[in-house]
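In: got a sequence here, can you model it:
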Amino acid sequence: MRMLLPLLLATVPVGGTTVRAAAQAPPDTLRLAEVVTAARQANPLLKAARLEADAAAERVPQAGALPDPQLQLGLMNRPVAGFGTMDPMTMNSIQLTQTLPWPGKLGYAEQRTRLLADAARLDADEAERDLGSRVKSVYYQLAFMDRALTVMEQTRELLRGFHQVSSAMYSTGTGLQQDVLQAQVAVARMTEEITVMREERVAMAARLNALLGRDATAAVGALELPAVGDTLPSVDSLMALAAERRPALTAARQRALAAAAGYREARRELFPDLMLGVSYGQRPQFDNMVSLMVGFSVPVWAGARQLPLRREMQAMQAAAEAEQRDLGNETFARLAELRAKAARARNLTQLYASAILPQAHAAVDAAFAAYRVGQLNFMSLVDNQMTVNRYVVENVRLLAEYHGAVAEIEALTGADLGGGR
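Out: A predicted model of the protein is given here:
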């Protein structure tokens, strides 16, 4: 047993030294701000949203423009025999007609289209915020995985050291075969967990690359994972910020206003449009002639066209207003949920740092001291150290959870909460 003590001292970290080193992030090579900027520049879905907003803006002048005038040219009243011009009714005519919609139709149509274009632009802004939130969430999950893998690999090395010690003790007759088997199982189980985590890391890196518009297998280096913030705004203040700044809420209001303008336009569809025309007739053998024309559209099929259109737009207005209220309710509920999630993660992280981890490290110190005087078996010492490692992993997971929740809050409110950038 005395010959094995130096090996034990080299294998088992005293006071959680291994864990404290693992809790520190490696040198960062991929900054969060750089990742978000790259995503905004290269993400194809965001580009599509911007292009759709551009297309919607081009519809505005179209909606307010008059219908194109119609120009007609004709050879009027030519006799079949000879196609001559001696008949007084024979003429070469040119006719121009213009339709003038009932007052208000074009104005409301243009207003509706402009409001929808504003909503499309706001949707693009919302897509940009949502993209930033998703990028940050994936980024922080990757940062958690990297740090968790470090702790898990150190834990596996500890278990391998215990396996060597227990095997040596068993070969000299001072140990139990059960300890050797338990160590083998523990090493295999930790290897399984590391393998699963590494594959999840590959999948998460592919997701981040997709958001950045890069190849799925592009390398993702070390990542940032800062400490939690000191304070969080109240739920009421977050709701007020969201109501004022969230693009999706403003877009919903614009769509409701657009639907109201569409309903007002539909009410005027029942009124006739005015048609004006002028015609000039050139008679080769006689005096030339001019004609003026005035006409109206007659809504004889109002029961099948204009009135159903009016009811349709009325229903669309009610639907848009209901969607606006629902989005507001969902936004406020989500903010309350995210704020509670971030507060829980922050409080637990602070609890881990101030109480749980120091006590766990102290328990390892006491266990090692008891082991050295023969008052504790080696497996209990290893269990204490693995408990510390699990706490470290959980602490890092809470850090990532906090920053992910803060990133989504910032996307909903447009506020900078100091989420580690």
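In: low pLDDT regions in the stretch 51-200 of the chain?
Out: Applying pLDDT under 70 to the stretch 51-200 of the chain flags residues 174-175, 179.
In: quick one: the strands in it?
Out: 70-76, 91-100 (DSSP state E, counting those that start in this stretch).
In: just name the most buried of the ones you listed.
Out: Neighbour counts (mean count of other C-beta atoms under 10 Å) averaged over each of those peak at strand 91-100, with a mean of 16. For the C-beta atoms, the positions are set from N, CA and C on the backbone; glycine is no exception.
In: with only the CA atoms kept, save that one in PDB.
Out: Below are the C-alpha coordinates for strand 91-100, written out as PDB (Å, rounded to 0.1, in the frame of the first residue of the first chain):
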ATOM      1  CA  MET A  91     -63.800  57.500 -91.700                       C
ATOM      2  CA  ASN A  92     -60.400  56.700 -90.200                       C
ATOM      3  CA  SER A  93     -60.800  56.900 -86.400                       C
ATOM      4  CA  ILE A  94     -58.600  57.300 -83.400                       C
ATOM      5  CA  GLN A  95     -60.200  56.900 -79.900                       C
ATOM      6  CA  LEU A  96     -58.800  57.400 -76.400                       C
ATOM      7  CA  THR A  97     -60.600  56.300 -73.200                       C
ATOM      8  CA  GLN A  98     -59.700  56.600 -69.600                       C
ATOM      9  CA  THR A  99     -61.300  54.900 -66.500                       C
ATOM     10  CA  LEU A 100     -61.400  57.000 -63.300                       C
END
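In: name every strand pairing with that strand and say which way it goes.
Out: Looking at strand 91-100 with DSSP bridges, its partner strands are strand 70-76 (antiparallel), strand 274-282 (antiparallel).
In: adding distance to residue 341, write those out as CSV.
Out: Output for the strands paired with strand 91-100, formatted as CSV (distance: least, C-beta to C-beta, whole Å):
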stretch, distance to residue 341
strand 70-76, 63
strand 274-282, 61
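In: which among these is found nearest to residue 184?
Out: Of all the strands paired with strand 91-100, strand 70-76 sits nearest to residue 184, with 90.5 Å by C-beta to C-beta.
In: ok, residues contacting that closest one?
Out: The contact list for strand 70-76 (C-beta atoms under 8 Å, 6 or more residues apart in numbering) reads 89, 90, 91, 92, 93, 94, 95, 96, 97, 98, 281.
In: quick one: distance of the biggest helix by length in the chain to the chain centre.
Out: Counting residues, the longest helix found in the chain (DSSP state H) is helix 105-171. Relative to the chain's own centre, helix 105-171 is displaced by 11 Å; criterion: C-alpha atoms, centre = their mean, to the nearest Å.
In: counting contacts, what elements does that helix pack onto?
Out: Helix 105-171 is packed against helix 5-11, helix 17-23, helix 32-42, helix 44-64, helix 177-211, helix 247-267, helix 378-413, with contacts defined by 3 or more C-beta pairs under 8 Å, 6 or more residues apart in numbering; DSSP states H and E.
In: dump these to a markdown table, plus distance to residue 275.
Out: Formatted as a markdown table, the helices and strands packed on helix 105-171 follow (distance: least, C-beta to C-beta, whole Å):
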| stretch | distance to residue 275 |
| --- | --- |
| helix 5-11 | 97 |
| helix 17-23 | 80 |
| helix 32-42 | 51 |
| helix 44-64 | 19 |
| helix 177-211 | 55 |
| helix 247-267 | 19 |
| helix 378-413 | 52 |
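In: in JSON lines: those, plus mean neighbour count and distance to residue 225.
Out: As requested, the helices and strands packed on helix 105-171 are exported to JSON lines (neighbours: other C-beta atoms under 10 Å; distance: least, C-beta to C-beta, whole Å):
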{"stretch": "helix 5-11", "mean neighbour count": "14", "distance to residue 225": "29"}
{"stretch": "helix 17-23", "mean neighbour count": "18", "distance to residue 225": "10"}
{"stretch": "helix 32-42", "mean neighbour count": "16", "distance to residue 225": "9"}
{"stretch": "helix 44-64", "mean neighbour count": "15", "distance to residue 225": "25"}
{"stretch": "helix 177-211", "mean neighbour count": "15", "distance to residue 225": "14"}
{"stretch": "helix 247-267", "mean neighbour count": "22", "distance to residue 225": "29"}
{"stretch": "helix 378-413", "mean neighbour count": "22", "distance to residue 225": "6"}
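In: buried ones in stretch 318-337, by neighbour count?
Out: Buried residues in stretch 318-337, counting neighbours by 16 or more other C-beta atoms under 10 Å, are found at 320, 321, 324, 327, 328, 331, 332, 335.
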